[in-house]
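In: From the sequence below, what's the structure:
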Amino acid sequence: MKKYVSLLTVSAMLAVAAPVTVSAASTVAPVVVQTSAVEGGRTLQVMVAQSEIKTDINPSNIAVATGGGLLGGLIGAAVDSARAKKAEELVGPVRTAMADFDADALAIDTAKASFGDMEWFKSNPDAAFGKDSSVAGKSALLDATSAKQIAFVEYSYDLSPTFDAVRVVAKIEVANKAIPASAKGKAEKRLSAKNLAYATRVTSVVLLKSAGTDKELNAPLWSADNGAVTRKALQLAFANLPSLTQRTMALTADDIKLLNDKKNKRTTSGGFTGRPQTPANERTTLLWDGSFINVEYMD
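Out: Next up is the predicted model:
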């Protein structure tokens, strides 16, 4: 006999469901960067595809709770759509308050601070900037460059699903200009994970101490006083990235082995799960889950 789950039952499941945490995406690209000089050099391309602060949602677990199938999938999609719509409504006043905030300039300054002292970029210290972070866009830049490699650094920023934190992510990909033989002439294959020279990400979270778990109560905190809290939090989140980026790109295989030591039990902070590491200061929690996640608490 088939078992059917009512919407009322699903709602009850949601009420007791554990919160979904976010972890760093894995990659098959090298986890240790080649920092020695290469003939033709490397260039730095900074990207911020978005034009305003984004929102995120915790995806529902309805499909799992109902045993999967078409019904669970449809209900889950409907719930996620409603959550996304609500998040967009709540973020509207924040976007209005932040209309004059120049995240692009902040990203460029952050990239220069992150890479400016790295020996392997000394010959090409300037950071070009662009908005097209698509595979096609990156491939076109590789075609146009005279350098052997481009380091693409894409910054993205958003509010957490419960509107208790801002998060900034620096996604770093070092791609070769040369098209590998395995790509069979398909230039965009240079950007696939297996063909990248290096790939990682660094995440900086600023958690608002005064925020609770109700996103509707938290949302106005970010738009108040012309978005003063959001501006401060984003400045802080970006400011934490250079040291984290430099630390990440200096990692050796032995360093990564220690970071992944299972004796260091995984924990959750700011909606992210990883193995805790020695933080930069007493206000932060530093996690490792294949990449560094820095969670800082702001009054």
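
In: Run a quick check on M298 versus V206, I expect a contact.
Out: Yes: the criterion here is CB atoms under 8 Å, and M298 meets it with V206 at 5.2 Å. For glycine as for every other residue, the C-beta is placed from the backbone atoms N, C-alpha and C.

In: Identify the contacts common to the two.
Out: 233, 236 (CB atoms under 8 Å, 6 or more residues apart in numbering).

In: Please report the distance of the nearest residue to Q50 once chain neighbours are set aside from I150.
Out: Nearest residue to Q50, sequence neighbours excluded (CB to CB, 6 or more residues apart in numbering): S156, at 6.4 Å. Distance, S156 to I150, using CB to CB, to the nearest Å: 19 Å.

In: more crowded one of those two?
Out: When neighbours are counted by other CB atoms under 10 Å, I150 comes out ahead of the other of S156 and I150, with 24 against 20.

In: Only alpha carbons, please: show whichever strand or helix holds the more buried one as CSV.
Out: When elements are defined using DSSP states H and E, I150 is found to belong to strand 149-159. Written as CSV, here are the backbone C-alpha positions of strand 149-159 (Å, rounded to 0.1, in the frame of the first residue of the first chain):
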residue,chain,number,x,y,z
GLN,A,149,47.7,31.6,-16.4
ILE,A,150,44.9,33.8,-15.0
ALA,A,151,43.9,33.7,-11.4
PHE,A,152,40.2,34.4,-11.3
VAL,A,153,39.0,35.7,-7.9
GLU,A,154,35.2,36.0,-7.7
TYR,A,155,33.6,37.7,-4.7
SER,A,156,30.0,37.1,-3.7
TYR,A,157,28.2,38.4,-0.7
ASP,A,158,24.8,37.7,0.9
LEU,A,159,22.6,37.6,4.0
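
In: Report the angle between the helix or strand that it is followed by and strand 149-159.
Out: If you walk from strand 149-159 toward the C-terminus, the next helix or strand you reach (DSSP H and E) is strand 165-176. Angle of strand 165-176 versus strand 149-159, following axes from the mean of the first three to the mean of the last three CA atoms, to 10 degrees, is 170 degrees.

In: what mean pLDDT would you report for strand 165-176?
Out: Summarised as a single mean, pLDDT over strand 165-176 is 96.

In: Give me the next element, helix or strand, following that strand.
Out: Under the assignment DSSP H and E, the closest C-terminal helix or strand after strand 165-176 is strand 198-208.

In: Now do the same contact list for the most centrally placed residue in the chain.
Out: For the chain, the residue sitting closest to the mean C-alpha position, by CA atoms, centre = their mean, is V169 at 3.2 Å. Neighbouring residues of V169 by CB under 8 Å, 6+ apart: 155-157, 201-204.

In: Nice, that's everything, thank you.
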